[in-house]
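[1] Build me a model from this:
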Amino acid sequence: MHVTHLSLADFRSYAHVEVPLDAGVTAFVGPNGQGKTNLVEAVGYLATLGSHRVSSDAPLVRMGAERAIVRAQVRQGERQQLLELELNPGRANRARINRSSQVRPRDVLGIVRTVLFAPEDLALVKGDPGERRRFLDELITARSPRMAGVRSDYDRVLKQRNTLLKSAALARRHGGRSLDLSTLDVWDQHLARAGAELLARRLDLIAALRPLTDKAYEQLAPGGGPVGLEYRPSAPGEAHTREDLHEQLLAALAEARKQEIERGVTLVGPHRDDLLLKLGQLPAKGYASHGESWSYALALRLASYDLLRAEGNEPVLVLDDVFAELDVRRRERLAELVAPGEQVLVTAAVDDDVPDVLAGARYTVSGGTVERA
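    Down below sits the predicted model:
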């Protein structure tokens, strides 16, 4: 699978731009701040309905514009599809597939799949648990697009449950009449049901990623491993089936209820879990050097790529200004590993940042223009 044409209107810095794309390697080269990352960010948005740089859509719409359009022609084998997303901050986004308006934005998920390497990836190792949860959940959705609905359901239930708990906590603190919390049992059931589905998928994913991540780390840093992935749930237990995970979550919610009412927030569930990254016998966070942390983050992305490729519909590889962050050894090894990809999109400030093995099409990005070199 690869993108054959990218069209943007009022997206980030671009009032309008048309970019034909080939299979193989394409590099966007130009000084920082000229819009290189905006191009690959748009491709990533088609794959995830989100940005790797910001948490909301508002910054993606050009200053002064009401909406942004991301449109792409995608080829998979002999089949071609035209995808279009209309970003409307503060209102519902819209989507089209082959010019049909009768689709939801999340119906686009799974048509384009990407694996992104970016400077922000260092947060996978050094950052907060939320960064690792997002990594897992985006990869889960890439493998099974219907999980976008499960994630949405979980977030909706969590928000409703937190609202009820916050009201109860405020009433208690101010000596008011106690709220009727009978509906909390209903929200517990909903949270546990969606949470069990998400947990089961995360556990399956981690089991698949373990050997691939260890292999990728060895390729990037020979002799530096082994590495290990260990899931740390907020509802402890040994359950793995959806039914058992559901019961485990319900039990943990019941045990935590008094504390949750006191604090006004849900303390148990996938939104509180973490993925422990181990280097040898130690946690990578806090113990790994800067270079080891980079190798670990890259290994997670390479493992993701290998997993998606093995399951069919090879993803687009996006390397956003990542080579400037790496030493020569890691730069060359990463380039050699990704060069055979069906489509590889690279951004770099100067030509010298793009390793020779990634020979292919070149675009010069400057002053809002994108011109083929």
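[2] Quick one: distance of stretch 212-224 to the chain centre.
    Put simply, stretch 212-224 sits 22 Å off its chain's centre (CA atoms, centre = their mean, to the nearest Å).
[3] List of residues touching that stretch?
    Under the criterion CB atoms under 8 Å, 6 or more residues apart in numbering, residues 225-229, 279, 291-292, 295-296, 298-300, 302-303, 306-307, 330, 333-334, 337 lie in contact with stretch 212-224. C-beta coordinates here come from the backbone N, C-alpha and C atoms, glycine included.
[4] run the last query once more with 10 Å
    206, 209, 225-229, 277, 279-280, 288-289, 291-292, 294-307, 310, 326, 329-330, 333-334, 336-337 (CB atoms under 10 Å, 6 or more residues apart in numbering).
[5] Buried among those? Need that as a selection in ChimeraX.
    Here is the ChimeraX selection string for the buried members of those, based on 16 or more other CB atoms under 10 Å:
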select :209,225,227,228,229,277,279,288,292,294,295,296,297,298,299,300,301,302,303,304,305,306,307,326,330,333,334,337
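[6] Which members of the contacts of stretch 212-224 are positioned in helices?
    Of the positions in these, 206, 209, 291-292, 294-307, 310, 329-330, 333-334, 336-337 sit in helices, assigned by DSSP state H.
[7] who touches residue 299 in this structure?
    Applying CB under 10 Å, 6+ apart to residue 299 gives the contacts 124-125, 209, 212-221, 224-225, 227, 277.
[8] no wait, residue 2
    Going by CB under 10 Å, 6+ apart, residue 2 touches 21-24, 26, 73-76, 112, 314-316, 341-345.
[9] Buried only: go through the residues you listed for me.
    21, 23-24, 26, 73-75, 112, 314-316, 341-345.
[10] Between all of the residues you listed, which two are at the greatest distance?
    Using CB to CB, the pair of the buried ones among the contacts of residue 2 lying farthest apart is 73 and 341, separated by 18.9 Å.
[11] Just list whatever residues bridge to the residue nearest to residue 361 when sequence neighbours are not counted.
    Excluding its sequence neighbours, the residue lying closest to residue 361 (CB to CB, 6 or more residues apart in numbering) is residue 26, at 4.5 Å. The residues listed as beta-bridge partners of residue 26 by DSSP bridges are residue 345, residue 361.
[12] thought residue 26 was touching residue 363?
    Yes. Applying CB atoms under 10 Å, one finds residue 26 in contact with residue 363, separated by 6.9 Å.
[13] Pull up the overlap in contacts between those two.
    Shared contacts of residue 26 and residue 363 (CB under 10 Å, 6+ apart): 19, 20, 39, 347, 372.
[14] quick one: which of these is most hemmed in?
    In terms of neighbours by other CB atoms under 10 Å, these top out with residue 347 at 29 neighbours.
[15] looking at the chain, which helix or strand is least sure?
    Every helix and strand in the chain was compared by mean pLDDT, DSSP states H and E; the lowest is strand 100-103, with a mean of 81.
[16] Adjacent strands (with direction) for it?
    Looking at strand 100-103 with DSSP bridges, its partner strands are strand 94-97 (antiparallel).
[17] now residue 250: how far from residue 237?
    For residue 250, the distance to residue 237 equals 11 Å [CB to CB, to the nearest Å].
[18] So between those two, which is more surrounded?
    Neighbour count, other CB under 10 Å: between residue 250 and residue 237, residue 250 has more, with 20 against 13.
[19] Buried by neighbour count: which residues of the strand or helix carrying that one qualify?
    Element membership of residue 250, judged by DSSP states H and E, is helix 242-263. For helix 242-263, burial by neighbour count (16+ other CB under 10 Å) applies to 245, 246, 248, 249, 250, 252, 253, 256, 257, 260, 261.
[20] so what does it touch, helix or strand wise?
    On a contact count with 3 or more CB pairs under 10 Å, 6 or more residues apart in numbering; DSSP states H and E, helix 242-263 meets helix 147-173, helix 183-220.
[21] Domain parsing of this structure, as residue ranges.
    1-113+314-373, 117-312 (automatic domain parsing).
[22] tally of neighbours for the closest residue to residue 151 other than its chain neighbours?
    Excluding the flanking residues, the one nearest residue 151 by CB to CB, 6+ apart is residue 137, at 6.0 Å. If you count neighbours by other CB under 10 Å, residue 137 ends up with 21.
[23] Now do whichever strand or helix holds residue 137, average pLDDT.
    In the assignment (DSSP H and E), residue 137 maps to helix 129-143. Averaging pLDDT along helix 129-143 yields 96.
[24] Please report how far the most centrally placed residue in the chain lies from residue 287.
    In the chain, the residue lying closest to the centroid (CA atoms, centre = their mean) is residue 138, at 4.0 Å. Residue 138 sits at a distance of 26 Å from residue 287 (criterion: CB to CB).
[25] go on, residue 87?
    Computed as CB to CB, the residue 87 to residue 287 distance reads 41 Å.
[26] what does residue 4 give?
    45 Å.
[27] How about residue 242?
    From residue 242 across to residue 287, the span is 35 Å (CB to CB).
[28] same thing with residue 139?
    25 Å.
[29] Then residue 233?
    22 Å.
[30] between these two, who's got more neighbours?
    Legend: neighbour count by other CB under 10 Å for residue 233 and residue 287, higher for residue 233 (20 against 13).
[31] Since that was my last question, I'll sign off now.
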